[in-house]
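> A predicted structure for the sequence below; I have some questions about it.
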Amino acid sequence: MSASARRLETARSGAAPRPLPDDRRPHHPQRAAPPARPPAARPLTSTPSHPRRRARRGLHPVFMLFSAVVVTMLIVGLVSISAMAVQTSFAVETVQERIAALNDRTESLTNDVAAFSSPHRVAKWARERAMVAPSDVEVLTVGGGSA
């Protein structure tokens, strides 16, 4: 049992404290002399020098304002992102419709080119304009090099 526990036990029981064995007695070779006069007592004040704040109940108004601003900014950001996504989807749909219309136009023009360049149509057009096919065809070669 420790010395402080023994002192506590003897203080409770009211008995006189037992002396410590010689090997466990505290050694105080030089004790300080008691002061010449007692220390001055501090004056009592009605208000403490550091007033304690009363414990707050509920949430601090600044925290509530900050939280409201953050939540509002998050909601506005979410709504704006959603609006941008909807706007982008409408733009994509418009571009897809334009691509489909241009593909139809390309197909129509390709069919027109095929119809206008067919040999039967070219011959008919030439007959309407009194054109005839040549009777004797001559092939000219450009001279100059020996092969």
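The structure has been received and is ready for your questions. Numbering: from 1, shown residues only.

> mind listing the helices for this structure?
All helices of the chain, identified by DSSP state H, fall at 3-13, 61-116, 119-128.

> least reliable of those helices going by mean pLDDT?
When the helices of the chain are compared by mean pLDDT, helix 3-13 comes last with a mean of 68.

> what about D104, how many neighbours?
Using other CB atoms under 10 Å, D104 is surrounded by 10 other residues. Backbone N, C-alpha and C define where each C-beta goes, glycine included.

> and if you look at V79?
10.

> next up, the contacts around it.
The contact partners of V79, by CB atoms under 8 Å, 6 or more residues apart in numbering, come to none.

> same deal with S108?
Applying CB under 8 Å, 6+ apart to S108 gives no contacts.

> ok, it to A101 distance?
11 Å (CB to CB, to the nearest Å).

> check W125 too.
Distance of W125 to A101, computed by CB to CB: 31 Å.

> likewise for S2?
Counting by CB to CB, the gap from S2 to A101 is 98 Å.

> the more surrounded of the two?
A direct count of neighbours by other CB under 10 Å for S2 and A101 places A101 higher, at 10 against 7.

> roughly how far does the more buried one sit from S118?
Separation of A101 from S118 (CB to CB) stands at 27 Å.
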